[in-house]
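**Q** Kindly generate the corresponding structure for this input.
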Amino acid sequence: MTFARSQQGLSILGWLMVLAVVAFFASTAFKVIPHYLDYMSLEKIITSVETDKALEVRTVGEFYSHVEKGMQVNSIRDLKMRDILKVKVENNEFLAHLKYEKREPLIENLDLVVTFDKEFRVRMP
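**A** Numbers count the residues shown, from 1 in each chain. Coordinates of the predicted model:
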């Protein structure tokens, strides 16, 4: 009859450990996911210059203006557009380099760091 006793399941201490691990990963995800959503929004804003023909973006200034408006619409307020995005024109294409890093405090002196670095070749309409 000792066989049934060995299959009782997790103790309260075991459940607390499982709960602590799940809470840690959930907290980490809730801190990192918004930065990935902002990055995906920025990607979509940048590539929309090529796909949306009605925009008529022809200069670097207009490109920056379009991205800045898109950042306002998507509530991306904690990034400075001129610091994270460098745009130049080459061979009738915009070369946009999106590069930035975000830090989120995790525990005491430990931080979560996400780094985004991508170059886009966007054809002028």
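**Q** Not counting its neighbours along the chain, what's nearest the residue nearest the centre of the chain?
**A** Geometric centre of the chain, nearest residue: residue 36, 2.0 Å, by C-alpha atoms, centre = their mean. Nearest residue to residue 36, sequence neighbours excluded (C-beta to C-beta, 6 or more residues apart in numbering): residue 114, at 7.3 Å. From N, CA and C alone the C-beta is placed, and that goes for glycine too.
**Q** Tell me which stretches of this structure form strands.
**A** 85-90, 93-107, 110-123 (DSSP state E).
**Q** partners of the second one in the sheet?
**A** Partners of strand 93-107 in the sheet, by DSSP bridges, are strand 85-90 (antiparallel), strand 110-123 (antiparallel).
**Q** Pretty sure residue 55 sits against residue 49.
**A** Yes. In this structure, residue 55 is within contact of residue 49 by C-beta atoms under 8 Å, at 6.1 Å.
**Q** show me where the protein has helices.
**A** 2-5, 12-51, 60-73, 81-84 (DSSP state H).
**Q** Need those in TSV (columns: mean pLDDT and distance to residue 104).
**A** Output for those, formatted as TSV (pLDDT from 0 to 100; distance: least, C-beta to C-beta, whole Å):
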stretch	mean pLDDT	distance to residue 104
helix 2-5	60	45
helix 12-51	94	4
helix 60-73	94	20
helix 81-84	94	17
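**Q** Which among those is found nearest to residue 118?
**A** helix 12-51 (7.2 Å; C-beta to C-beta).
**Q** Residue 9: neighbour count?
**A** Neighbour count for residue 9, taken as other C-beta atoms under 10 Å: 6.
**Q** Kind regards, and thank you for your time.
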